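Trainee: Would you be able to build a 3D model of this:
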Amino acid sequence: MTSDNVTFVQSRDNAFVKDLRRLAQDSSAYRKQGRVWLEGDHLCRAALARRLQPAVAVYAESFWPEAQESYRHAAIKNIVIADPLWADVSGLESPARMGFVLEMPAAAALVPGVSTVVLDRLQDAGNVGSILRSASAFGFGQIAAIKGTAALWSAKVLRAGMGAHFGLRLVEGLDATDIDALGLPLLATSSHGGEFLHRAQLPWPCGWIMGHEGQGVSPALQERASRLIRIAQPGGEESLNVGAAAAICLHASAAAAETGRT
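Mentor: Numbering: from 1, shown residues only. Have a look, this model is predicted:
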């Protein structure tokens with residue numbers, strides 16, 4: 001049923017509902033559909049703050065009366081689906097009752113000279129999203145994801161990123177040789193070798209390489225790094241979670257860049 005720019009959907013077999021379910025639950029579906037699913041108020045408002053317009057705004061039927069006040073002009077097309085269907089579509093334990101479908105950005109290429117975080121086969125979506133948040137917070141403009149890294153626009157990475165995606169240039173599916181295009185000094189994290197971070201003179205702009213949760217930075221990328229950097233751990237732990245390590249390293253770079261400007 002359609003009313004003005006609103007379509008009401010009651011059937012589980014509706015083609016749009018099927019596609020939405022895939023976007024919400026299949027981490028690679030966005031690559032096939034060329035669209036991204038943002039579920040929940042925070043992600044949707046973050047997209048609007050960056051002046052992104054959703055192709056479609058989607059609401060649970062019980063939320064629609066409230067949504068008309070908050071999101072009346074967010075999208076040209078609004079779809080309202082029955083509450084039981086929403087519970088079936090949502091990828092959240094506590095469904096958020098609204099979301100946006102965005103058209104995927106055009107395929108991006110690496111931009112030389114932009115401070116970048118290189119993700120080397122990171123597989124945990126929470127780690128990847130956390131690193132995107134840190135990158136955005138500390139002035140890095142680009143993410144370069146090596147093949148084998150968790151899908152950057154998957155629902156889980158989007159939720160962990162908390163809106164950071166919309167302030168970053170995201171390039172995925174890369175090989176180690178592609179990183180040469182950055183033309184930047186590359187710093188590779190290490191749990192056991194290299195300079196201590198708190199003693200290092202950090203360049204800006206630069207590229208930080210964050211390695212696989214278990215294997216660390218690959219030999220091919222280590223060879224491209226101008227320096228290996230480790231974080232002092234006087235408490236004696238063998239290593240830090242890569243998300244925590246990235247936050248520490250990227251903050252140190254931002255602080256060094258700010259010091260250089262003053």
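
Trainee: ok, which stretches of this protein are helices?
Mentor: 15-25, 29-33, 41-49, 64-70, 83-89, 125-137, 155-161, 219-224, 242-261 (DSSP state H).

Trainee: Go through the ones you listed and name the closest to residue 118.
Mentor: Of all the helices of the chain, it is helix 219-224 that lies closest to residue 118, at 7.0 Å by Cβ to Cβ. C-beta coordinates here come from the backbone N, C-alpha and C atoms, glycine included.

Trainee: next one: the closest one to chain centre, how far?
Mentor: Its chain's average C-alpha position is 24 Å from that of helix 219-224, according to Cα atoms, centre = their mean, to the nearest Å.

Trainee: Find the nearest non-adjacent residue to residue 175, please.
Mentor: residue 147 (6.6 Å; Cβ to Cβ, 6 or more residues apart in numbering).

Trainee: wait, residue 82 sits on residue 14?
Mentor: No - applying Cβ atoms under 8 Å as the test, residue 82 and residue 14 come out as separate, 10.0 Å apart.

Trainee: what sits in contact with each of the two?
Mentor: Counting by Cβ atoms under 8 Å, 6 or more residues apart in numbering, residue 82 and residue 14 have no common neighbour.

Trainee: residues in contact with the residue nearest to residue 175?
Mentor: By Cβ under 8 Å, 6+ apart, the contact set of residue 147 is 121, 173, 174, 175.

Trainee: Going through those residues, which ones are buried?
Mentor: Buried subset of the contacts of residue 147 (neighbour count, 16 or more other Cβ atoms under 10 Å): 121, 174.

Trainee: Can you lay out the contacts of residue 147 as CSV showing distance to residue 203 and pLDDT?
Mentor: Below are the contacts of residue 147 laid out as CSV (distance: Cβ to Cβ, whole Å; pLDDT from 0 to 100):
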residue, distance to residue 203, pLDDT
121, 25, 96
173, 27, 95
174, 22, 97
175, 24, 96
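
Trainee: Residue 26: which of the contacts of residue 147 is nearest?
Mentor: Using Cβ to Cβ, those come closest to residue 26 at residue 173, 17.2 Å.

Trainee: so what's that closest one up against?
Mentor: Counting by Cβ under 8 Å, 6+ apart, residue 173 touches 145, 147.

Trainee: now it: how far from residue 110?
Mentor: 11 Å (Cβ to Cβ, to the nearest Å).

Trainee: do residue 91 as well
Mentor: For residue 91, the distance to residue 110 - Cβ to Cβ - is 30 Å.

Trainee: how distant is stretch 200-212 from the center of its chain?
Mentor: Counting by Cα atoms, centre = their mean, stretch 200-212 comes out at 19 Å from the chain centroid.

Trainee: Now it - C-alpha only, PDB.
Mentor: Extracted C-alpha coordinates of stretch 200-212, given in PDB (Å, rounded to 0.1, in the frame of the first residue of the first chain):
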ATOM      1  CA  ALA A 200      60.000   8.100  18.600                       C
ATOM      2  CA  GLN A 201      59.900  11.200  16.400                       C
ATOM      3  CA  LEU A 202      56.800  10.700  14.400                       C
ATOM      4  CA  PRO A 203      56.400  12.100  10.900                       C
ATOM      5  CA  TRP A 204      53.300  13.800   9.600                       C
ATOM      6  CA  PRO A 205      51.600  13.000   7.300                       C
ATOM      7  CA  CYS A 206      52.200   9.300   7.600                       C
ATOM      8  CA  GLY A 207      50.700   5.800   7.200                       C
ATOM      9  CA  TRP A 208      50.200   3.500  10.200                       C
ATOM     10  CA  ILE A 209      50.100  -0.200   9.400                       C
ATOM     11  CA  MET A 210      47.900  -2.300  11.900                       C
ATOM     12  CA  GLY A 211      48.400  -6.000  11.500                       C
ATOM     13  CA  HIS A 212      46.300  -9.100  11.700                       C
END
